[in-house]
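**Q** Here is my input; please provide its structure:
(4 chains)
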Protein chains: 4
Amino acid sequence: MVHTIIGVMGPGNGATQTDLDNAYTLGKLVAEQNWTLLTGGRNVGVMNAASKGASEAGGLVIGILPSENKEGISQFVDIPICTGMGSARNNINVLSSDAVVACGSGAGTTSEIMLALKTGKPLVLLNPSTNLIRFIGDLNYPVPPNLESPQKAVQTIKELL
Amino acid sequence: MVHTIIGVMGPGNGATQTDLDNAYTLGKLVAEQNWTLLTGGRNVGVMNAASKGASEAGGLVIGILPSENKEGISQFVDIPICTGMGSARNNINVLSSDAVVACGSGAGTTSEIMLALKTGKPLVLLNPSTNLIRFIGDLNYPVPPNLESPQKAVQTIKELL
Amino acid sequence: MVHTIIGVMGPGNGATQTDLDNAYTLGKLVAEQNWTLLTGGRNVGVMNAASKGASEAGGLVIGILPSENKEGISQFVDIPICTGMGSARNNINVLSSDAVVACGSGAGTTSEIMLALKTGKPLVLLNPSTNLIRFIGDLNYPVPPNLESPQKAVQTIKELL
Amino acid sequence: MVHTIIGVMGPGNGATQTDLDNAYTLGKLVAEQNWTLLTGGRNVGVMNAASKGASEAGGLVIGILPSENKEGISQFVDIPICTGMGSARNNINVLSSDAVVACGSGAGTTSEIMLALKTGKPLVLLNPSTNLIRFIGDLNYPVPPNLESPQKAVQTIKELL
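**A** Numbering: from 1, shown residues only, chains lettered A, B, ... in the order given. Next up is the predicted model:
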């Protein structure tokens, strides 16, 4: 049966401690909903923390890797998808997720937020910068829910799915 | 824990009955080994038959779709990866598989066989055309095992992994 | 001899008249520098206006299309590259440009700005929203030059190349 | 005005002297027809030889590179398209060509032949292995013209366009 896939996107090396804590809890909550987690698959930042949370809660973790092989993969990924296409894989992250949570802000993460807006994918922002919210307000898209806790993010996803 | 992923590639609409029977049994055997099946994800031919076999045996099925959404997906796919990149996704099929089984011959399948040869991915041919075997002999690659039954294919994969 | 390729990115249907005017002049100036123009190739918005400007000034225009064929192509494109990979082609736009000018703001354009920041590609913003500038200031990247005229954009590119 | 783009595909390091000679002449003839040449862009084998031929005859050369940057590019490429997506770029080679000539046989080249068959792209085989011709006969596609000289290849392309 087809899984409900929740993409959690966020900074790698530039993640803040808040981002990492949120991502870990978010991963856990995603798994507790019997949803499958999807991340960028690398062993750093939000990707790794969310994967750890989901994995420890018994969830399944998909990692969409930029690389041609499993080099640099998070140890918490169950299903590595080796794309070999670098940042172009960000589009696959978005298209394959039933809903996307952006956890923190970074350049790669923002590219995924923009692609999610463009495709009309359900999107939740967890602890974004205020200026990002303002900037999205300048674009011709509805501003996505801007939430402060992983619990609220999961609640909102349930309403959006 | 990272899954062992076996890619089963084969014709869609052009699959023969033998290809379909082989794919179904292969999917079943892959699941019985606790391997995860990966296919091109569509609801036709070898992709669909292998997914059905694995699914009925309780296995997990990844479908790497050419499309941007789940249109045309096999009902036996658990994890749809929506690439939105058409046949360029064939490369992801190969890179993400720990071993590749080509079940029958078709143009798309042959492109995947070629990419598997090029990356040195463990590769097994199940009931290929004799002329394909001869042609691979013309290239500068070792000719992959050419087997007649799904059982032998699985046995050979076990040795190659 | 390898061409110097300047990527001009900007909104399609959502482009403002200022964006269109800037894009047209920018395309013209790019051609006058003997640079080759690269755009997303479609017959709308900034892509089309920049291509028109470059074409009328005798320049060469590359269009990196999201589609599998030339459907929807700008009539001012000389070299259509049909990627068949949708918005994932945005990464190719950035990687193939020696410098990127973002002309106006849109979701797709912003994804390209983010990918340019990430790869360290020379980047110029032409008439961006103030909130985008503020947001980039929140990220860990140098804020790119934010210019008001195509003339200044070209001058800055010359310094960055 | 949109260029007529002829893709010349063939082995890199594994090219034979005949392949290289054919590719060089083919590149020259393509340029003399005022067609634009498209290759895989690297500085080896058929890609490099065809690019040299076209360049010396004053033609324009597009190189669709597998890499993220210009590393390993043929010195005869005018328009480098940096895809950063490895062999998945083979699909772009095919989609962007108005006609494809496969010059010799190799694994990557054969993947391109298969993608060309699948998309119904005009396709010419120049000096292919006999077993490849036989194998294509096993598939459900018309066997493409199998020619011995670059001159005949160009003549056939003119009829197919």
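
**Q** Surely A:L65 is in contact with A:T83?
**A** Yes: look at A:L65 against A:T83 with CB atoms under 8 Å: they come within range, at 6.2 Å. Quick note: C-beta positions are derived from backbone N, CA and C, even for glycine.

**Q** List of residues touching the top helix by length along chain A?
**A** Using DSSP state H to define each element, chain A has its longest helix at helix A:17-32. Helix A:17-32 is contacted by residues A:6, A:8, A:10-11, A:15, A:36-37, A:45-47, A:49-61, A:101, A:103-104, A:126-127, A:149-151, A:153-154 when judged by CB atoms under 8 Å, 6 or more residues apart in numbering or on different chains.

**Q** Using ChimeraX, define a selection of the buried residues within those.
**A** Buried subset of the contacts of helix A:17-32, written as a ChimeraX selection, criterion 16 or more other CB atoms under 10 Å in any protein chain shown:
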select /A:6,8,10,11,15,36,37,45,46,47,49,50,51,52,53,54,55,59,60,61,101,103,104,126,127,150,153,154
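
**Q** Please flag which of the contacts of helix A:17-32 sit within strands.
**A** Within these, residues falling in strands by DSSP state E are A:6, A:8, A:36-37, A:61, A:101, A:103, A:126.

**Q** Take those residues and write them to CSV, including pLDDT and distance to chain C.
**A** Formatted as CSV, the ones in strands among the contacts of helix A:17-32 follow (pLDDT from 0 to 100; distance: CB to the nearest CB, whole Å):
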residue, pLDDT, distance to chain C
A:I6, 98, 20
A:V8, 98, 18
A:T36, 98, 22
A:L37, 98, 22
A:V61, 98, 23
A:V101, 98, 18
A:C103, 97, 15
A:L126, 97, 15
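
**Q** Out of those, which are close to chain B?
**A** Contacts with chain B within the ones in strands among the contacts of helix A:17-32, as defined by CB under 8 Å from any CB of the partner chain: A:T36.

**Q** backbone phi and psi for the closest residue to A:E148 other than its chain neighbours, please?
**A** The shortest distance from A:E148 to any non-neighbouring residue, by CB to CB, 6 or more residues apart in numbering or on different chains, is to A:N127 (6.3 Å). With angles defined as degrees, to the nearest 10, A:N127 sits at phi 60, psi 50.

**Q** Which residues lie in contact with A:N127 in this structure?
**A** A:18-19, A:22, A:103-104, A:147-148.

**Q** want to throw those residues into TSV with distance to A:R89?
**A** Listed next are the contacts of A:N127 as TSV, based on distance: CB to CB, whole Å:
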residue	distance to A:R89
A:T18	26
A:D19	20
A:N22	23
A:C103	18
A:G104	19
A:L147	26
A:E148	29
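
**Q** residues from chain A in reach of chain B?
**A** So far as CB under 8 Å from any CB goes, chain A lies against chain B at A:1-3, A:5, A:36, A:62, A:64, A:68-70, A:73, A:77-85, A:91-92, A:95-96, A:119.

**Q** A:F76 and A:K52 touch, don't they?
**A** Yes: assessed by CB under 8 Å, A:F76 is found in contact with A:K52 at 4.8 Å.

**Q** of all of chain A, which residue lies closest to chain D?
**A** Chain D sits closest to A:M85 of chain A, with a gap of 3.9 Å, by CB to the nearest CB.

**Q** so what's the residue found closest to A:G7 once you drop the neighbours it is linked to in the chain up against?
**A** Excluding its sequence neighbours, the residue lying closest to A:G7 (CB to CB, 6+ apart) is A:S97, at 3.1 Å. Listed by CB under 8 Å, 6+ apart, the contact set of A:S97 reads A:5-7, A:38, A:121.

**Q** now do 10 Å
**A** A:4-9, A:36-39, A:62, A:64, A:112, A:116, A:121-123, B:82 (CB atoms under 10 Å, 6 or more residues apart in numbering or on different chains).

**Q** Tell me the gap between stretch A:82-95 and the middle of its chain.
**A** Relative to its chain's centre, stretch A:82-95 lies at 13 Å (CA atoms, centre = their mean, to the nearest Å).

**Q** tell me the average confidence for that stretch?
**A** For stretch A:82-95, mean pLDDT rounds to 98.

**Q** For chain A, what lies in contact range of chain D?
**A** By CB under 10 Å from any CB of the partner chain, the part of chain A that sits against chain D consists of A:66-68, A:83-89.

**Q** Cross-reference these with the helices and report the matches.
**A** Going by DSSP H, the helices hold A:R89 from the residues of chain A next to chain D.

**Q** Just the terminal-to-terminal distance for stretch A:143-155.
**A** End-to-end distance for stretch A:143-155: 18 Å, by CA to CA, to the nearest Å.

**Q** Find the nearest non-adjacent residue to A:N13, please.
**A** A:V44 (5.5 Å).

**Q** For the residue lying farthest from the centre of chain A, list the residues it contacts.
**A** Here chain A reaches farthest from its C-alpha mean at A:D138, the gap being 23.3 Å by CA atoms, centre = their mean. A:D138 makes contacts with C:105-106, C:128-132, C:135, as judged by CB under 10 Å, 6+ apart.

**Q** Filter these down to just the ones in helices.
**A** Reading helices off the contacts of A:D138 with DSSP H, I get C:130-132, C:135.

**Q** Filter those residues down to the buried ones.
**A** Here, 16+ other CB under 10 Å leaves C:131-132, C:135 buried among those.

**Q** Next up, phi/psi of the closest residue to the residue of chain A closest to chain D other than its chain neighbours, please.
**A** Nearest residue to A:M85, sequence neighbours excluded (CB to CB, 6+ apart): D:M85, at 3.9 Å. According to degrees, to the nearest 10, the main-chain angles of D:M85 amount to phi -130, psi 20.
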